[in-house]
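> predicted model and sequence below, questions to follow.
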Amino acid sequence: MQRRQGNGLAVVLIVIGAVMLLGIALPLIHGMFRLLFPVLLVVLGYYGIKSGRKIIGWVLMFIGVMSLIAKLSWIIGPLLGVALIVWGVSALKGRSNKGTY
C-alpha cells in the first residue's frame with residue numbers, strides 16, 4: 001500500500017462533514033458569528049478613525065459597540081447589579097466609619 005503525505009486536509013474535511021451531519025456545526029458557527037460580526041465592526045471603525053475617515057469610523061464603531069452591548073446584555077445586567085450592591089455596601093461602610101471619630 002502507498003501512503004501519501006499530507007492527508008491532513010482529507011481528515012479535516014471528513015471531520016467537518018461528520019460534524020455537519022450530526023447537526024453540531026450550525027449552533028457553534030452561529031454562536032461564533034453572533035459575536036464576531038460586532039467585533040469586526042468595532043475593529044473596522046477603529047481602523048477607519050486611525051486612517052483619517054473619522055465619520056465612517058465612528059459610525060461603524062458605534063454600531064458595533066451597541067450591537068455588542070445588546071448581544072452581551074445577559075451578562076452585563078447581572079454584573080451591573082453586583083457592582084451596584086458592592087457600591088452600596090461600600091457607601092454604607094464609609095458613612096459609618098466617618099461618624100466614629
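All right, it came through fine. As the structure is a computational prediction, the values presented were derived from the model and not from experiment.

> any idea which residue sits dead centre in this protein?
Residue closest to the average C-alpha location in the chain (Cα atoms, centre = their mean): Leu35, at 4.8 Å.

> for that one, what are its contacts?
Shown in contact with Leu35 (Cβ atoms under 8 Å, 6 or more residues apart in numbering): Leu68, Lys71, Leu72. Glycine gets a C-beta too; all of them are placed from N, C-alpha and C.

> doesn't Arg34 make contact with the second one?
Yes - in this structure Lys71 lies within contact range of Arg34 using Cβ atoms under 8 Å: 6.2 Å.

> who has more neighbours out of those two?
Lys71 (15 against 11; other Cβ atoms under 10 Å).

> from Ser90, how far off is the more buried one?
Counting by Cβ to Cβ, to the nearest Å, the gap from Lys71 to Ser90 is 30 Å.

> and the residue nearest to the centre of the chain, what's its pLDDT?
Per-residue confidence at Leu35 stands at 86 (pLDDT).

> may I have the secondary structure class of it?
helix (DSSP: H, G, I helix; E, B strand; the rest coil).

> return the alpha-carbon coordinates of stretch 67-84 using CSV.
Output of stretch 67-84 as CSV, limited to C-alpha atoms (Å, rounded to 0.1, in the frame of the first residue of the first chain):
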residue,chain,number,x,y,z
SER,A,67,-24.6,45.5,18.9
LEU,A,68,-22.1,44.1,21.4
ILE,A,69,-24.0,45.6,24.3
ALA,A,70,-27.2,44.0,23.0
LYS,A,71,-25.5,40.6,22.5
LEU,A,72,-23.8,40.6,25.9
SER,A,73,-26.7,42.1,27.9
TRP,A,74,-27.3,38.7,29.5
ILE,A,75,-24.0,39.2,31.4
ILE,A,76,-23.9,43.0,31.6
GLY,A,77,-27.2,43.1,33.6
PRO,A,78,-26.0,40.8,36.4
LEU,A,79,-22.6,42.4,36.6
LEU,A,80,-24.2,45.8,36.9
GLY,A,81,-26.4,44.5,39.7
VAL,A,82,-23.4,43.1,41.6
ALA,A,83,-21.5,46.4,41.1
LEU,A,84,-24.4,48.4,42.5
